[in-house]
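1. Next input, structure requested:
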Amino acid sequence: MAKCWFCKTKKGKRYCAPIDNLLCPICCGKNRLQKIDCIETCRHLKGVEFQKQRDDEKEFSKLMASVPHGQYDDMFQEPGVALIAHDIEILICNIYMAEAIRITDKSVYESYKLIYKLYFDNQPLEEPQIDDLTQELVKLYTNTIKVWELNMERTKIGQIFLRLMISVKKMSGGRFGGFGYLNYLKNNLGNTDLDEGQFITENKFGDKITQQS
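-> Numbering: from 1, shown residues only. Predicted structure coming up:
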């Protein structure tokens, strides 16, 4: 029998549609809603857990709506913002490519959210919330925040994490599957073969399309 996608040691007994793979019961319970973008009808999901996640998401939806991300006012168009976003996304891309830590679009989204809560909303986090991916982001933040703050206010740096969360939501799910954002980073960061304004999207079947922004 196939091994669990997350732990790679136990047998995968439960098929997980959002990541199109098999999980062991322990990893299913430990990662649901945090690293897996669970569907409400999943028989392994408790309604209370889903509602709590939904309430939390409503609060962040309001925060994200306040961040400039439209065609003409996108904060990513500012060079300083783009540089900080690149620092963050290159770390995420390297982790994904190395496969040292099993990550999904959902786990990246939740880690961005936790960093915002911890450093920009002063919310204390419980130890179980600080998973391996979040620990790596914490290291990046603490090692580079002084450099980032030389040219940018802390509040705006917080908005960058919210803007990255918007990117994840746009590029994940549907035809992109649970790895659309991560595959976007894999295909585009450092790709010198692309013309200006071009980017590559990859669907959940591995088909790649070059698009113009």
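2. so where do the helices sit in the protein?
-> With DSSP state H, the ranges of helices along the chain come out as 25-31, 47-65, 79-98, 105-120, 132-148, 154-171, 180-188.
3. Turn those helices into CSV, columns for mean neighbour count.
-> To be clear about C-beta, it is placed using only N, CA and C from the backbone, and glycine gets the same treatment. Converted to CSV, the helices of the chain look like this (neighbours: other C-beta atoms under 10 Å):
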stretch, mean neighbour count
helix 25-31, 17
helix 47-65, 12
helix 79-98, 16
helix 105-120, 22
helix 132-148, 15
helix 154-171, 19
helix 180-188, 21
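4. could I get these as CSV with mean pLDDT and distance to I39?
-> Formatted as CSV, the helices of the chain follow (pLDDT from 0 to 100; distance: least, C-beta to C-beta, whole Å):
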stretch, mean pLDDT, distance to I39
helix 25-31, 88, 13
helix 47-65, 81, 9
helix 79-98, 96, 23
helix 105-120, 94, 12
helix 132-148, 95, 22
helix 154-171, 96, 16
helix 180-188, 96, 16
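5. So which of the ones you listed is nearest T9?
-> Distance to T9, taken as C-beta to C-beta, is lowest for helix 25-31 among these, at 9.7 Å.
6. Run through who's touching that closest one.
-> With contact meaning C-beta atoms under 8 Å, 6 or more residues apart in numbering, helix 25-31 is reached by C4, W5, F6, C7, K10, K13, R14, C16, L23, I36, H44, S107.
7. A17 and I39 touch, don't they?
-> Yes. The pair A17 / I39 is scored as a contact, 6.5 Å apart, by C-beta atoms under 8 Å.
8. When these two are compared, which one has more neighbours?
-> A17 (14 against 11; other C-beta atoms under 10 Å).
9. how about that one, what does it touch?
-> The neighbourhood of A17, defined by C-beta under 8 Å, 6+ apart, consists of I39, C42.
10. Report the contact partners of the residue nearest the centre of the chain.
-> Residue closest to the average C-alpha location in the chain (C-alpha atoms, centre = their mean): V108, at 2.4 Å. With contacts defined as C-beta under 8 Å, 6+ apart, the neighbours of V108 are I92, L133, V168, Y181, L182.
11. change it to 10 Å
-> 35, 88-89, 92, 95-96, 133-134, 137, 164-165, 167-168, 172, 179, 181-182, 185 (C-beta atoms under 10 Å, 6 or more residues apart in numbering).
12. State the distance from it to C93.
-> Per C-beta to C-beta, to the nearest Å, V108 is found 10 Å from C93.
13. which residues do these two both contact?
-> Common neighbours of V108 and C93 (criterion: C-beta under 10 Å, 6+ apart): L182, L185.
14. Y15 reaches L23, doesn't it?
-> Yes. Judged on C-beta atoms under 10 Å, Y15 makes contact with L23 at a distance of 8.0 Å.
15. Between these two, tell me which one has more neighbours.
-> Applying other C-beta under 10 Å to Y15 and L23 shows that L23 carries more neighbours, namely 26 against 10.
16. What's the local residue count around R102?
-> For R102, the count of nearby residues is 20 (other C-beta under 10 Å).
17. Just the pLDDT for it.
-> pLDDT recorded at R102 is 91.
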